[in-house]
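Q: here is the input, now give the coordinates:
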Amino acid sequence: MGMVQAYQAQCDPPLSRLFLAFLRMGITAFGGPAMIGYLRKMAVSERKWLDGESFQSGVALCQMVPGATAMQMAAYIGLRVHGVAGAAVSFTGFGLPAFILMVVLSILYTHTHNISAVISTFSGLQALIVAVVANAAISFGKTSLKNWRNALIAIIAAGLFGLMVNPAVIILMAALLGILLNGRQHVQARAPRIAGVPQTTIQLTVLFLIGVIAFGALYFFQKPLFRLASLMSKIDLLAFGGGFASVPLMFHEVVEARSWMDGSTFLDGIVLGQFTPGPIVITATFVGYLVNGLLGALVATIAIFLPSFLLVIGVTPYFDRLRASPHFVKAVGGILCSFVGLLVTVTIRFGFNVHWDAAHIILCTAAFGALLLNLDILWVVLAGTAISAFVF
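A: Purely as a prediction, here's the structure:
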């Protein structure tokens, strides 16, 4: 036991280092769920903050609860490493670059109402994102698809994601297939302990009460901001399957139900969201800025992420205890296979959005090769961005 504690003390970083590590990852967080593979490389392979089993369990958990998967995984890793404070620091660091860039782009948009220059400058990034997501699908598939049964679940899930089936249905199907197809397979079930579990409930309650007080203050003093925050929180709670699941609902609520902006303007925000690092749900920042300025951007961003952040903190200890069940472990394995299917589907969707020509093909191929050779994603993204600025 003493050796384990000594190992954890050696691996656990201070909060400042945790923040900087996730800030660095947030700069390169293109491709939404694709970042899971790169988070695994950082947290498991490079820094050894978590073991592979704990990380895989986190991916399954974040697939099961609503919200942006990559953001939730940042919170999950921070929670494992440094308790609730670590979750908050990791979550903030990972999402901060996307928020800052989206605010800047929103300001530019309101002054020009023309994003053609942005699209031209970042055109090459579309090809780069395809390479990032494809590499993530391969690297994550290597750890999750251990036999033909797992591959079959991933293929079925990819097909269903491609047909736009409700993500919650796909996750449930994958869990059931994991139990049925691996019924005779022996699995090792255990319930790992998470540091700070006794304090999690208290700290979670404090965070929840702070959120309630903040919403109450908005209701009494800033009704427009209260309506904005309430809407974004509702969207987050219904976003099963990651950030992509929230976009149609956000479009309906913002454009059709409330007429806060027209459809063309909202779609411009989606385009900007695809060109920024982080989840596509960062479009909420764009909506908030256009509706209520800088304060609206901040409130909308916090509201679109806060509910799922609290869910990850609250559910993780109970999720860990369920891992003592062999059937639950098999269900989790099926869910992880469905995540590989999701990455395959996202790769294909992103690929269809690229106007492929020789320059885009060369950039995508070079980036994909560099990532396969384990080059740091930060340098791959920076180099790709520089090339895009000059070539496209």
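Q: now find how far off-centre the biggest helix by length in the chain is within its chain.
A: If you go by DSSP state H, the chain has its longest helix at helix 69-112. Taking C-alpha atoms, centre = their mean, to the nearest Å, the mean C-alpha location of helix 69-112 is offset from the chain mean by 10 Å.
Q: tell me what that helix is packed against?
A: Counting contacts by 3 or more C-beta pairs under 8 Å, 6 or more residues apart in numbering; DSSP states H and E, helix 69-112 is packed against helix 15-27, helix 35-40, helix 52-64, helix 197-221, helix 263-275, helix 283-322. The C-beta positions use only the backbone N, C-alpha and C, and glycine is treated the same way.
Q: and the fourth one, how far out from the chain middle?
A: A distance of 23 Å separates the centroid of the chain from that of helix 197-221, by C-alpha atoms, centre = their mean.
Q: quick one on the thing from earlier: the longest helix of the chain to helix 283-322, inter-axis angle?
A: 170 degrees (axes from the mean of the first three to the mean of the last three C-alpha atoms, to 10 degrees).
Q: helix 69-112 - what's its average pLDDT?
A: Taken as a whole, helix 69-112 has an average pLDDT of 92.
Q: what angle sits between that helix and helix 52-64?
A: Using the same axes, to 10 degrees, helix 69-112 lies at 50 degrees relative to helix 52-64.
Q: got the angle between helix 69-112 and helix 263-275?
A: 130 degrees.
Q: picking up where we left off before, out of the helices and strands packed on helix 69-112, name the one with the poorest average pLDDT.
A: Among the helices and strands packed on helix 69-112, helix 263-275 carries the lowest mean pLDDT (a mean of 75).
Q: who wins for proximity to Ala75 among the helices and strands packed on helix 69-112?
A: Smallest distance to Ala75 across the helices and strands packed on helix 69-112 (C-beta to C-beta): 5.0 Å, for helix 283-322.
Q: just the buried residues of that closest one, please?
A: 283-292, 296-314, 316-317, 319-320, 322 (16 or more other C-beta atoms under 10 Å).
Q: which elements pack onto that helix?
A: helix 52-64, helix 69-112, helix 197-221, helix 223-237, helix 246-251, helix 263-275.
Q: heading C-terminal from it, find the next helix or strand.
A: Following helix 283-322 in sequence order, the next helix or strand is helix 326-352 (DSSP states H and E).
Q: packing partners of the next helix or strand along the chain from that following helix?
A: Helices and strands here follow DSSP H and E; after helix 326-352, the next one along the chain is helix 358-372. Other helices and strands packing on helix 358-372, by 3+ C-beta pairs under 8 Å, 6+ apart, are helix 123-144, helix 377-391.
Q: report the angle between the axes of the longest one and helix 358-372?
A: Meaning helix 123-144. 30 degrees.
Q: following the chain past helix 123-144, name the next helix or strand.
A: Using DSSP H and E, the first helix or strand after helix 123-144 is helix 148-162.
Q: buried residues, that next one. List them.
A: In helix 148-162, counting by 16+ other C-beta under 10 Å, buried: Arg149, Asn150, Ala151, Ile153, Ala154, Ile156, Ala157, Ala158, Leu160, Phe161.
Q: grab the nearest non-local neighbour of the third one.
A: It refers to Ala151. Leu145 (5.0 Å; C-beta to C-beta, 6 or more residues apart in numbering).
Q: check contacts around the one you found.
A: Ala151, Ala154, Cys337, Val340 (C-beta atoms under 8 Å, 6 or more residues apart in numbering).
Q: can you pull the pLDDT of it?
A: Looking at Leu145, its pLDDT is 86.
Q: then Val329?
A: 77.
Q: quick one, the longest helix of the chain and helix 197-221 angle?
A: Using the same axes, to 10 degrees, helix 69-112 lies at 30 degrees relative to helix 197-221.
Q: helix 69-112 vs helix 326-352, what angle?
A: Interaxial angle of helix 69-112 relative to helix 326-352 (the same axes, to 10 degrees): 30 degrees.
Q: switch to numbering from 557
A: Done: numbering now begins at 557, and the last item shifts to helix 625-668.
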